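**Q** Starting from these lines, generate the structure:
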Amino acid sequence: MIQLSHSKVKILLATPPAGQEVTVKGWVRTKRGNKQVAFIALNDGSIVHSIQVVAIPENFSEELMKSITTGACLKVTGKLVESQGSGQPVEIQATEIELYGIADPNTYPLQKKGHSMEFLRDIAHLRPRTNTFGAVLRVRHAMAYAIHKYFNDLGFCYLHTPIITGSDAEGAGEMFRVTTLDIKNPPRTEEGKIDYNLDFFGRETNLTVSGQLEGELGAMALSDIYTFGPTFRAENSNTPRHLAEFWMIEPEMAFYEIKENMDLAEDFVKFLVRYALENCADDLNFFNQMYDNELVDRLKMVAETEFVRMSYTDAVEILVNSAQKWEFPVSWGSDLQAEHERYLVEKHFKKPVILTNYPKKIKAFYMFQNEDGLTVRGMDVLFPKIGEIIGGSQREHRLEKLTERMHEQNIEEKDMWWYLDTRRFGTAPHSGFGLGFERLILFITGMSNIRDVIPFPRTPRNAEF
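**A** Numbering: from 1, shown residues only. Next up, the predicted model:
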């Protein structure tokens, strides 16, 4: 194993102090004290807590001590001893301090005071140095690892689906175009349309909105696959729930029908929540204290509770009879909004809910059609504070039913010939779902805005950093 010349703060805070010499490197969070002693809080991002460095000013140059300000980067060598103050088990009595980088207190924007989330979004290049965003990014890492662990342990194959695609999985049309043509003077056909035959790929292409369709192709050979990668929506939406670039986890499973799909979705999210509780305790306790004092209890509830399962039709009946005043009126056939989903989860059942059998007209073409001719075997997993966190379905594996639905939605068969081939050659029942990674991180951390759970958010009129 690699041997570093310094120790992580996380390791030192858990090390029994015995006066041993240690070296730590990190960024100054605060410095306080007087002419006799200085207390420096040093953090390296390995844990939400800082380690206290005790420095006697007379042992160091006056210029060095003046340069140790919030944001400065230091290398500190000293003795690890039991802390004399409350709040930390150990501290370092500094014998050597090397200044790696200064941070002018007149211009460094992260001083010791509260900063608004809006302000921190404007300095996304520096916000990982705050306690909040350091914690967000550590949780994000832990959840990414847990996702791969879960599927790997179940024998799933990690499939890399394309970022650039010529298909629109959702049929929404809100996609980012990919082209090398001169946008000021593109080549045109005799009819005056842009001639994509002369483009790099010889056709019109876009950034993907989902890896699902290609994922289905993999499942029809490997049985159980999952994708985990970036997806894109050119949706001009400035809400706390939407991003133009976000990450999706999309498993696809051959031979799964809707019940098995629901079973997997419930087991998957419970595993992720339990993993966070067991492995991110310091960060979750920080979020619980600073942002949402019900967070840890809510996470435990989800991990320990059996999800409610019911049909869309029964859910609409509950909503209609609830005597609630809705911003968006609800009736059978309407798409449920976040207010409806959260009412079911937070007020009516007080636990997560999985809804199934949605009206065909509000769902995508690839969902399995029920015998009633009106509904499809779609499913949504609804969580407290979030609403829909997972969307999925049993996929339509019957060629005639699938092509009939494509015609209804004006989707050209010639554009989807490769997708239809999986129904022509050895078709099989199969299912899958999608989990928005940032929605998951919102739930795990208790943060309120999706722009604050991704390092560099991409939203309308914002592609900085």
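**Q** how about Asn316, what does it touch?
**A** Actually, residue 316 is Val. It isn't Asn. Val316 sits next to Val330, Ser331, Trp332, Ser334, Leu336 when contact means C-beta atoms under 8 Å, 6 or more residues apart in numbering. Every residue, glycine included, has its C-beta placed from N, CA and C.
**Q** Can I get the buried part of the residues you listed as one ChimeraX selection?
**A** This is how ChimeraX selects the buried members of the contacts of Val316, with burial counted by 16 or more other C-beta atoms under 10 Å:
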select :330,336
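**Q** List just the nearest of the contacts of Val316 to Pro89.
**A** Nearest to Pro89, judged by C-beta to C-beta, of the contacts of Val316 is Leu336 at 49.3 Å.
**Q** The closest one reaches Val330, doesn't it?
**A** Yes - under the criterion of C-beta atoms under 8 Å, Leu336 makes contact with Val330 at 7.0 Å.
**Q** joint contacts of those two?
**A** Val316, Leu319.
**Q** what comes up buried for the stretch of helix or strand Glu260 belongs to?
**A** Using DSSP states H and E, Glu260 sits within helix 258-279. Buried residues in helix 258-279, counted by 16+ other C-beta under 10 Å: 258, 261-262, 264-266, 268-277, 279.
**Q** if I look at Phe268, how far off is His160?
**A** Distance of Phe268 to His160, computed by C-beta to C-beta, to the nearest Å: 20 Å.
**Q** my bad, should have said Met310
**A** The gap separating Met310 from His160 is 36 Å, by C-beta to C-beta.
**Q** the more surrounded of the two?
**A** Using other C-beta atoms under 10 Å, the more surrounded residue of Met310 and His160 is Met310, with 16 against 11.
**Q** Once you drop chain neighbours, what's closest to the more buried one?
**A** Leaving aside its chain neighbours, Met310 sits nearest to Leu355 (6.4 Å; criterion: C-beta to C-beta, 6 or more residues apart in numbering).
**Q** I figured the one you found hits Leu382, correct?
**A** Yes - contact criterion C-beta under 8 Å: Leu355 and Leu382 qualify, at 6.7 Å.
**Q** Please enumerate the shared neighbours of these two.
**A** Shared contacts of Leu355 and Leu382, defined by C-beta under 8 Å, 6+ apart, comprise Leu344.
**Q** ok, those two, which is more surrounded?
**A** Each of Leu355 and Leu382 has its neighbours counted (other C-beta under 10 Å); Leu382 has more, 27 against 23.
**Q** how about the more buried one, what does it touch?
**A** Contacts for Leu382 were tallied using C-beta under 8 Å, 6+ apart; they are Glu341, Arg342, Leu344, Val345, Pro352, Val353, Ile354, Leu355, Glu388, Ile389.
**Q** Could you rerun that using 10 Å?
**A** Taking C-beta atoms under 10 Å, 6 or more residues apart in numbering, we find Leu382 in contact with 307-308, 315, 336, 338, 340-346, 349, 351-355, 388-390.
**Q** Next: Cys73.
**A** Listed by C-beta under 10 Å, 6+ apart, the contact partners of Cys73 are Lys25, Gly26, Trp27, Val28, Leu42, Asp44, Glu98, Leu99, Tyr100, Gly101, Ile102, Ala103.
**Q** What subset of the residues you listed is buried?
**A** Using 16+ other C-beta under 10 Å as the burial test, those include Lys25, Gly26, Trp27, Val28, Leu42, Asp44, Ala103 as buried.
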